[in-house]
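> I'd like to go over a predicted model; first the sequence, then the structure.
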Amino acid sequence: MTRVCLLGDEDVNLQYELLSRETSRNALATYDLREPYDNAVALETVSLGAAVSLLNDLNWYLVRFVDDVLVLEPSVSEDEWLSRDVATAVRDNELTAEETERFLKIYGVAQQGTSGGDDGDERADEEIEQDRPPKLVEPMFVTRTGPELPEYDLRDVEETVRVRVTKAEFE
């Protein structure tokens, strides 16, 4: 199964925008939608071709409401996502899996912090915040030159999400 994750622009509610419009709602109707990250919509497709085809069908909405598109294709990598451009190039046999390894965008995964509200009930705030999915923050672009990647240093985070990008996206 190929996974797709759409990361919404900061100023929109992505799930609302996609499901409030008939064309995108119909395109997504057969998928089980999840929110693995804050303001993200994720789903599974049967293949890389199906994922790229769905993204093409949703292009009008992606341009307007989506900050980034991630595609996880197990035949390329079990733990590194592909950008939409890389996924399309792999599907079209313009890139091999090995040719996608060099350029990466690394997101930090930040847990949603508590607001520390003035109502004095910090435990309730913490419980609400724990239910919120983590947020992908500040991507860092790196070039793979060996087996080790540079450490993500834009924020103090425990996890990262690696996304393979094209040379053009890297520049």
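Ah, there it is.

> what about Leu54, how many residues close to it?
A count of neighbours around Leu54, defined by other C-beta atoms under 10 Å, yields 18. C-betas here are computed from N, CA, C, even on glycine.

> That one - that's part of a helix, no?
Yes: per DSSP: H, G, I helix; E, B strand; the rest coil, Leu54 lies within a helix segment.

> how close does it get to Asp9?
Leu54 sits 19 Å away from Asp9, going by C-beta to C-beta, to the nearest Å.

> swap in Asp32?
Asp32 is 23 Å from Asp9, where distance means C-beta to C-beta.

> The protein: helices as residue ranges?
Per DSSP state H, the chain carries helices over the ranges 14-19, 22-28, 48-57, 59-65, 84-91, 122-130, 167-170.

> So which of the ones you listed is the most surrounded?
Most buried of the helices of the chain by mean neighbour count (mean count of other C-beta atoms under 10 Å) is helix 84-91; its value is a mean of 21.

> need the helix or strand of this structure with the lowest average pLDDT.
helix 122-130 (a mean of 53; mean pLDDT, DSSP states H and E).

> OK, contacts around Ala27?
For Ala27, the set of contacting residues under the criterion of C-beta atoms under 8 Å, 6 or more residues apart in numbering consists of 54, 57-58.
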